[in-house]
Every structure is written in C-alpha cells, then in structure tokens.
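> whatever this is, show me its structure:
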Amino acid sequence: MKEFEYWENDAAEIDVAMDRRRFLKTAGTGIFLFFSVKDLAVLTQEGPGRPALQGGPSDFNAYMKIGEDGRVTCYTGKIEMGQGIVTSLAQMLADELDVGVEDVDMVMGDTDLCPFDRGTWGSLSTRAFGPSLRTAGAEARRVLIEMAADRLHVPAADLATEAGAVFERANRNNRIAYAALAQGKKIERQLKDPVVVKKPSEFKIMSMPLTRRDAHEKVTGKAKYAGDIHPPGMLYARILRPPAHDAKLVSVDVAGAEAVKGARVVRDADLIAVLHRYPDAAQAALGKIKAAYDTPAPAVDDRTIYAHLLKAAPEGRTVASGGDLKAGEHAASAVFEQQYLNAYVAHAPMEPHTAVVSVEGKKATVWASTQSPFGAREEVAKALGFRPQDVRVITPFVGGGFGGKSRNQQVVEAARLSRLAGAPVQVAWTRNEEFFYDSFRPAAIVNIRSGVGSGGAITFWDYGVYFAGERGAEQFYQIPNHRTTAYNAGWEGSAGTHPFATGAWRAPGNNTNTFARESQMDVMAAKAGVDPVEFRLRHLGDAKMKRVLQTAAEKFGWKGAKASGGKGVGVALGIDAGTYVASMAEVVVDRSTGDVNVKRVLAVQDMGLVVNPAGATIQMEGCITMGLGYALREGLHFKGGAITDVNFDTYEIPRFSWLPEIETHLIDDEDAPPQGGGEPAIVTMGAVVANAIYDAVGARVLELPMTPAAVRAALKQG
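Below is the predicted model of the structure:
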C-alpha cells in the first residue's frame with residue numbers, strides 16, 4: 001500500500017528513539033526504571049500493512065514509575081481495544097512488584113509519554129511484552145529493597161516486600177512504604193542485570209480471574225473513545241466519497257453546500273469536505289454537493305474473483321516439505337483433491353475509524369482510534385510536513401480493531417482538514433465509509449491433494465494457499481510425505497490483485513488455512529471409515545495437541561457415532577500465536593432451507609500460563625461468536641471497486657438471537673510461558689461448523705461463508 005511506503009526507511013529516519021530527558025522533565029519525582037523488551041518482534045515485527053522495521057529501537061522501550069503517592073505507572077506503546085491487556089499487564093507488574101493491581105496505572109499509546117511500539121497486533125502483548133514487564137517489576141522490587149536497607153538499617157537479604165512496602169522478616173513492624181522511598185526524589189535505574197521472576201507457586205495476582213478494570217467505565221458509558229473528545233472550537237467533517245474505489249472525479253459543484261449556514265467547504269487536492277459545528281448539519285450540506293465521476297466497468301465481482309486471483313497469483317514458495325510426494329501418492333489407496341474458498345470479510349468494529357486532530361502552528365495533537373499510534377504519528381508528520389516529535393498521538397479506548405485499525409486514513413484526513421480550517425476537526429467515518437474503506441480479509445483459495453493408504457494412514461499431503469498467507473498453513477499432523485506452498489505469503493498481493501484494500505483480520509490467514517486443513521482431514525476420515533477424533537489422534541505426535549483434543553472430547557461427551565435427523569457434530573484443531581485449541585460443535589441443519597442452527601460450541605485451549613483466566617475466557621467466547629460470523633454469514637458483495645454491502649442490513653454479523661451455548665475450558669500450564677489469547681479460538685470455527693454440517697446431512701460445504709444457499713447447493717451435489 002502506497003500510504004505505508006515510508007515505513008521502509010531506516011529506523012533512525014522515522015524517529016523511533018525516545019526522548020527520555022523530555023519525559024523525565026514532565027514526569028515529576030519518583031523512582032523510574034527503564035527497560036527493553038527482550039523480544040524485539042513486539043516492537044519491530046511485520047504488521048498489518050507494514051513491512052518489518054529494519055534496525056529497530058536501541059534505546060529503552062518501556063518505562064515504569066513508582067510515584068510519591070505509592071502508585072505505580074507503566075508507560076507502554078501498546079493500546080487497549082477490548083482485548084483486556086489493560087488488566088493482564090497490570091496483573092503481571094503488580095504481582096512482581098508486590099503491590100495491589102488497583103495501585104497500577106497503565107498509560108498506553110501516548111506518543112509523548114510512551115516509548116516506541118510498532119503496534120498492537122499478533123497477540124504479542126502478553127506473550128512478548130509481558131515477560132519483560134515482569135522482569136522489570138522484579139528488578140524494581142530489588143531496587144526498593146536496596147533503598148530500604150539503608151533506611152531501615154537492615155541488610156537487604158533480611159528484607160521482603162508485600163502490599164507496597166518493604167519490611168524486615170524478623171520484625172514485620174520495621175517497615176517502609178514504597179511511597180516513602182520515592183518521596184521527593186528522582187531516581188533513575190536502567191535494567192541491566194538478570195533478575196529472577198516469581199514462580200507460579202508464589203503468585204498472588206497472576207492466574208487469578210479478575211474482572212476487567214475498564215468494565216465499569218464501559219458499561220456505565222464513562223469510557224472515552226476518540227469520538228468523545230471535543231476540543232474547544234472543534235468542527236465535524238463530512239467528506240465527499242467516490243462511488244467505487246476505481247472512480248475518478250470529473251466535476252464537482254459545491255455551491256449548494258456553501259449556501260448552508262455555518263458550513264465551510266474545504267478542498268485539498270482530492271480531499272473535499274464540509275465542516276460544521278454540528279455533525280448532522282455537515283452531513284446535510286455534504287448532500288448538496290453535486291459531483292460526477294468516471295467509473296470503469298467492473299472487471300470482477302464476488303463470484304468471479306477466485307478465477308481472477310488464480311490468474312494473478314505469483315510463483316509459489318515452499319514453506320514446509322518432507323518425504324517424497326510421488327512415493328506417497330503411489331502408496332495411497334484413495335486420493336482426494338479439493339478446492340476451498342473464502343470470501344472477503346469486513347472487520348466491522350462497533351466503533352468506526354475516528355480521529356480528532358488539532359493543528360496549531362507547527363504542532364499537532366491527535367486523538368485517534370488506532371492500533372498503531374506511532375504509525376499514525378509518522379503518517380500525520382509526513383502529510384503535514386512536520387517533524388514526528390511535533391506530533392502527539394493520544395490513544396483513548398479503541399472500540400474494536402481486529403487488525404483493521406492498523407491503517408490510519410481517517411487520522412490523516414482529520415490532520416489535513418484541521419490545518420486548512422485552523423481549528424480542531426473530527427473525522428468519524430459513517431458505517432458506509434467504514435465498509436467502503438475497510439482493509440478486508442482477502443478472498444483466498446486453498447487447493448489440497450492428499451491420500452490415505454489401505455490402513456487408514458495419510459500417505460501424502462500437497463497443500464497450496466493463495467492470498468491468505470502462510471499463518472496456520474503448515475500442518476501439524478504426522479504425514480511422511482508433504483509439501484505446503486504459499487502463493488503470495490501476504491495479504492495485499494501485487495497492484496491490481498484485489499479491487500480494494502485488504503489486510504490482517506483477526507488471526508490473519510489462519511481462519512482460511514484451518515478451514516481447509518481440518519475440512520480435508522474429515523474428508524479423509526470419512527473415506528477411511530474412522531471417527532474424526534480418532535483419525536486425528538492417530539496422526540498427532542504432539543503431546544500438547546493430543547491432550548487438548550482428548551480434553552475436548554471428554555468435556556463435550558464425544559460419542560463417535562454418526563448423527564442423524566439433520567443433527568450433527570464436528571471437530572477441528574488449530575494452533576495460533578503459540579496457543580493450541582480444539583473445538584467441537586453441534587448443529588441442526590434444515591435440508592429444505594439450508595439454514596444451519598449451531599446449538600453448542602465447546603473450545604479447549606492451552607495457552608501456557610494463563611495470566612487472567614476471566615479475561616482469557618472472555619476472549620475465547622468473543623472468538624467463537626465472531627467466528628460464527630465468518631463461518632455462516634459474513635461475505636462481502638461487490639462489483640469491481642463498488643462495495644454493495646455498506647451496513648448491517650445486508651452484511652450480517654452474529655446476533656445474540658442465534659448464538660449457541662458456548663463452553664470454554666483452559667488448560668493452565670503454569671510452567672510454560674504465556675501465549676496469545678486474543679485470536680486462537682476463532683481459527684477453528686469455519687471448519688468445526690463445516691464438519692458438523694457434513695455429519696448432519698452428508699453435504700460438504702467448501703466455501704466460506706456457509707450461507708443457506710451454499711448449504712442447499714452442497715446438498716444438491718450430494
């Protein structure tokens with residue numbers, strides 16, 4: 001994508017280094033600890049729409065402060081968008097520092113206060129940033145003990161900590177609070193020497209199920225999002241949009257809009273907008289603009305896109321291989337060749353892309369709904385010709401992102417308009433704009449050829465994925481002869497591949513790959529006459545995955561007998577962000593209408609150490625709910641660059657009225673590092689429902705979403 005080209009520059013050129021001196025000047029007194037994230041992937045990895053950052057920050061990339069009031073503050077470039085890290089990160093720090101979780105403040109996504117971070121995606125926050133945060137907390141506790149030893153006149157070895165205080169083991173009354181140690185001082189420490197973090201047996205806060213600390217604000221409406229920010233004199237913007245992505249503006253008449261009282265029409269090259277004190281007045285004035293566009297005839301639509309993608313695909317790249325495919329095919333008694341498809345899918349967050357920008361002179365302040373505040377800072381700086389350090393991005397709560405809010409088009413629009421207007425400007429996309437400018441999960445194709453021998457063992461596996469990427473493509477079963485090929489490992493494709501923007505969508509690529517892989521496993525199991533659970537167990541060598549599957553079968557009450565009367569059950573396995581998941585589902589299928597009623601879904605997840613079981617459970621439930629959308633209903637309709645689904649009247653996301661009974665189980669492996677929890681349980685949803693449909697009515701649906709029409713078509717094919 002052209003708007004991200006500057007990310008390929010050297011790290012120094014895009015100002016990733018922190019101005020620690022400036023931070024300390026405004027931060028007051030207290031004890032400051034500066035630490036670096038051990039796994040720089042959390043800061044520099046390739047993200048949605050952005051290539052991997054070369055070089056990366058060499059300075060500290062997180063701060064922690066213990067204030068004079070005893071409160072602990074963590075400054076991180078990560079943001080909170082509903083995934084719950086505002087709670088889980090605070091738990092990790094509080095436990096290592098021996099303070100109450102309620103005494104920890106998280107300052108997130110403020111580019112003037114927080115060190116550089118590439119963005120919040122990939123389920124990296126807890127598994128990559130969290131361990132470094134724990135280490136910093138342990139180091140801070142050691143620093144406090146050393147300081148207290150001088151004040152209490154006791155050797156450091158004889159001291160311990162609890163509840164925000166240091167005390168003498170032999171005399172608990174001889175103690176001093178952290179706040180007293182920080183009083184009137186500014187003490188800086190850099191984390192250098194390795195420290196020992198707590199063992200799970202020592203946890204007091206981690207692994208405890210805690211209610212989300214932002215829950216009260218959100219359920220009472222007190223939580224602030226970008227759209228709730230209203231600087232004095234702010235104007236609402238409504239922007240003239242084309243009817244299709246490939247449409248060119250031919251002529252425009254803004255006289256009608258200019259005649260509306262209080263309306264201002266501003267233009268900056270291709271950006272034409274109406275500004276007003278009131279959003280409805282701005283919208284009404286926008287409707288009075290007369291514009292003509294040249295829109296070319298559509299070259300593709302939502303049915304012909306797959307043939308187009310296969311033609312546009314580049315040469316494949318082998319991402320995994322082993323054995324000899326020819327030998328495996330020769331040993332097969334049955335060969336299976338299937339093609340699996342998935343449609344473009346929208347992110348459809350409840351909060352649309354929103355930004356408020358105030359440009360004053362050569363400085364800009366931005367409040368943005370974004371997953372990448374530092375990316376937004378760079379984009380605004382480039383658009384306005386400012387230095388990055390003269391742009392401050394503040395990230396309030398973000399109302400859902402799922403990968404889609406990694407792009408910051410609305411931020412740049414608000415910045416350009418604010419400079420032209422000489423006043424703060426809010427750009428909040430309408431639902432139509434949210435759909436039109438979304439970076440959709442790409443339409444993709446998976447072709448699989450596989451075979452089983454006379455004894456029911458898989459003899460070969462030849463897997464090719466087009467435009468979904470390789471995440472989740474490398475199969476984890478024991479197959480002697482196999483090859484996995486990715487035809488375009490990213491989402492975007494080359495110019496002209498997709499008729500509009502595409503990008504990361506919750507567990508990018510893995511939903512597509514798991515749907516294809518686990519459907520194919522069931523196809524082979526049916527031919528071999530082996531129960532789907534048993535068939536998978538026979539081909540699993542990974543003890544962790546076996547345990548997850550066996551636990552799911554036990555909790556679900558898997559009986560192994562084929563269902564009847566339109567009722568069926570299915571199973572699917574997946575790995576994402578280091579987390580293993582097994583899902584089972586029960587469905588009822590109406591043969592006459594093709595409607596699929598999902599009655600029950602169970603998911604078992606092994607994500608290593610579970611920091612907040614309550615938060616992890618919520619994420620699993622959210623994944624299952626969102627996953628039912630892409631499995632059964634969500635698929636974008638379009639003709640060329642014109643999007644025909646622009647609201648929830650035609651683009652149907654999951655509704656409470658058709659949600660199933662949801663049951664989740666966590667295998668808490670305290671001795672294993674924490675893994676990602678925001679995405680894994682979604683990857684199996686397409687496959688588990690498809691496999692349950694087959695069990696119910698004997699029809700194999702090979703395309704997502706599995707709409708009633710798709711199910712009826714599969715039934716006709718038998």
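> okay, which residue is most central for this protein?
Residue closest to the average C-alpha location in the chain (Cα atoms, centre = their mean): Phe402, at 4.1 Å.
> okay, now the unreliable bits of the stretch 451-600 of the chain?
The stretch 451-600 of the chain contains residues with pLDDT under 70 at 489-493, 561, 563.
> just the pLDDT at the residue of the chain most remote from its centre, thanks.
No residue in the chain sits farther from the centre than His153, which is 50.0 Å out by Cα atoms, centre = their mean. Here the pLDDT value assigned to His153 is 96.
> distance of it relative to Ala285?
Using Cβ to Cβ, to the nearest Å, we find His153 at a distance of 74 Å from Ala285. Glycine gets a C-beta too; all of them are placed from N, C-alpha and C.
> try Asp301
34 Å.
> those two: who's more crowded?
Between Asp301 and Ala285, counted using other Cβ atoms under 10 Å, the more crowded position is Ala285 (24 against 15).
> so Trp658 makes contact with Asn597?
Yes. Using Cβ atoms under 8 Å, Trp658 is in contact with Asn597, at 7.1 Å.
> other SSEs contacting the helix or strand that contains Ala292?
If you go by DSSP states H and E, Ala292 is part of strand 290-294. In terms of contacts (3 or more Cβ pairs under 8 Å, 6 or more residues apart in numbering; DSSP states H and E), strand 290-294 is packed against strand 248-253.
> swap in 10 Å and give it another go.
Using 3 or more Cβ pairs under 10 Å, 6 or more residues apart in numbering; DSSP states H and E, the elements in contact with strand 290-294 are strand 248-253, helix 255-258.
> nearest to Asn691, out of those?
strand 248-253 (46.5 Å; Cβ to Cβ).
> partner strands of that closest one, parallel or antiparallel?
Next to strand 248-253 in the sheet, as set by DSSP bridges, lie strand 290-294 (antiparallel).
> list of residues touching the following helix or strand past the strand it pairs with?
Downstream of strand 290-294, the next assigned helix or strand under DSSP H and E is helix 305-312. For helix 305-312, contacts defined as Cβ atoms under 10 Å, 6 or more residues apart in numbering pick out 299-301, 339, 341-344, 442-445, 447, 466-467, 487-488, 493-494, 496-499, 636, 638, 703.
> please check those residues and keep the buried ones.
300, 341-344, 442-445, 447, 466-467, 487-488, 493, 497-499, 636, 638, 703 (16 or more other Cβ atoms under 10 Å).
> quick one: which of those sit in strands?
Among the buried ones among the contacts of helix 305-312, the members found in strands (DSSP state E) are 341-342, 444-445, 447, 466, 487, 638, 703.
> so for the strand holding Ala292, what's the average pLDDT?
Strand 290-294 comes out at a mean pLDDT of 98.
> list the buried residues in that strand.
Ala291.
> ok, residues contacting it?
Contacts of strand 290-294 (Cβ under 10 Å, 6+ apart): 240-244, 246-257, 272.
> quick one, which of the residues you listed are buried?
Applying 16+ other Cβ under 10 Å to those flags 240-242, 244, 246-247, 254, 257, 272 as buried.
> for the chain, longest helix please?
helix 130-152 (DSSP state H).
> what's the following helix or strand after that helix?
Following helix 130-152 in sequence, per DSSP H and E, is strand 159-162.
> and that following strand, which residues are buried?
So, applying 16+ other Cβ under 10 Å, buried residues of strand 159-162: 159, 161.
> if we can go back for a sec, name the residues contacting each of Trp658 and Asn597.
Leu632.
> residue ranges of the strands in the stretch 551-700 of the chain, please?
567-576, 579-589, 596-606, 638-639, 642-643, 661-666 (DSSP state E, counting those that start in this stretch).
> now do the first one and strand 579-589, the angle between them.
When axes from the mean of the first three to the mean of the last three Cα atoms, to 10 degrees is applied, the directions of strand 567-576 and strand 579-589 differ by 160 degrees.
> does anything pack onto strand 567-576? Which helices or strands?
Strand 567-576 packs on helix 510-528, helix 532-538, helix 543-556, strand 579-589, strand 596-606, helix 685-697, going by 3+ Cβ pairs under 10 Å, 6+ apart.
> from the chain's centroid, how far away is that strand?
Once both centres are worked out by Cα atoms, centre = their mean, to the nearest Å, strand 567-576 turns out to sit 22 Å from its chain's centre.
> pLDDT score for Leu341?
98.
> before we move on, back to that, okay, the helices and strands packed on strand 290-294 in CSV with distance to Thr220 next?
Output for the helices and strands packed on strand 290-294, formatted as CSV (distance: least, Cβ to Cβ, whole Å):
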stretch, distance to Thr220
strand 248-253, 44
helix 255-258, 38
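> which stretch among those comes nearest Lys198?
strand 248-253 (61.1 Å).
> neighbours around the residue nearest to Glu661 when sequence neighbours are not counted, how many?
In space, and not counting its chain neighbours, Glu661 is closest to Arg600: 4.6 Å by Cβ to Cβ, 6 or more residues apart in numbering. Neighbour count for Arg600, taken as other Cβ under 10 Å: 15.
> ok, Arg600 - contacts?
Taking Cβ under 10 Å, 6+ apart as the definition, contacts of Arg600 comprise 556, 569, 584-587, 660-663, 692.
> swap the cut-off to 6 Å and go again
By Cβ atoms under 6 Å, 6 or more residues apart in numbering, Arg600 lies in contact with 586, 660-661.
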